[in-house]
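1. next comes the sequence, and after it the predicted model I'd like to discuss.
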Amino acid sequence: MKKVFLMIAAALVGFSAMAQVQFGVKVGFDMTNFWGEGAEHGMKPSYQAGALLEFKVSDRFAISPEVVFASQGGKFKISPTYMGWSLSQFGVKDITATYYTNYINVPVMLKFYATPSFAIDFGPQVGFNVYSKASVSDGDESLTIGLKDMTKAVDFGLGLGATYSLSDNAFVQARYTLGLTKVFDGDESKNGNIQLAFGWKF
């Protein structure tokens, strides 16, 4: 076992020596929702913040693992009905349901630099659920329900996007991450996340 660790360490040292390595941080604005059979598709404004490494192995290719906290979920309205009739005419208010499914996400992006400043990013992502809850409100009163026990601990997805370097250090990034696994037990909902981020590499 000790020999295996030494071989892995030697390989990492050798890879780092060949690659140009940069550390970076980023923050961003997200629009998140759920998709899948029977899922509601309302978008919820959210945010993300995290850190990244970029191993540039050539002028064209790089590997960039990230660790990002992302507030995800969805938001939609429910209009109460009875036997197909809307109850709003009787003063029954619409209900807004907001889901918060927050994760520590670890994407590993493969980057292709089409130009020295513009890269196309693609890669897998694994997310670890931090907490989940739902808030239900009719505008006057609200109720918060904990969903941690109903939420799957691990989420898998694929990300596709692009990064544009504004300078040697500053960059902007756009990405869509498509969840591939169910968010909740007994439900078909999967995560969707549109991301727009600004970052700085050191």
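-> Noted; the coordinates are in hand. Small disclaimer: the values here were computed from a predicted structure and weren't measured. Numbering: from 1, shown residues only.
2. tell me where the chain has strands.
-> 20-35, 44-56, 61-78, 81-82, 85-86, 95-113, 118-137, 142-146, 154-165, 170-179, 190-201 (DSSP state E).
3. make JSON lines from these and add mean pLDDT and mean neighbour count to it.
-> C-beta: built from backbone N, CA, C; applies to glycine. As requested, the strands of the chain are exported to JSON lines (pLDDT from 0 to 100; neighbours: other Cβ atoms under 10 Å):
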{"stretch": "strand 20-35", "mean pLDDT": "93", "mean neighbour count": "17"}
{"stretch": "strand 44-56", "mean pLDDT": "95", "mean neighbour count": "17"}
{"stretch": "strand 61-78", "mean pLDDT": "90", "mean neighbour count": "19"}
{"stretch": "strand 81-82", "mean pLDDT": "52", "mean neighbour count": "10"}
{"stretch": "strand 85-86", "mean pLDDT": "51", "mean neighbour count": "11"}
{"stretch": "strand 95-113", "mean pLDDT": "92", "mean neighbour count": "19"}
{"stretch": "strand 118-137", "mean pLDDT": "93", "mean neighbour count": "17"}
{"stretch": "strand 142-146", "mean pLDDT": "80", "mean neighbour count": "11"}
{"stretch": "strand 154-165", "mean pLDDT": "97", "mean neighbour count": "17"}
{"stretch": "strand 170-179", "mean pLDDT": "97", "mean neighbour count": "18"}
{"stretch": "strand 190-201", "mean pLDDT": "95", "mean neighbour count": "20"}
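4. quick one: Thr181 from Thr163, how far?
-> Noted for Thr181: a distance of 26 Å to Thr163, by Cβ to Cβ, to the nearest Å.
5. my bad, should have said Tyr99
-> 29 Å.
6. before we move on, what about Gln173?
-> Distance of Gln173 to Thr163, given as Cβ to Cβ: 5 Å.
7. okay, and the common contacts of these two?
-> Taking Cβ atoms under 8 Å, 6 or more residues apart in numbering as the criterion, Gln173 and Thr163 both touch Asp121.
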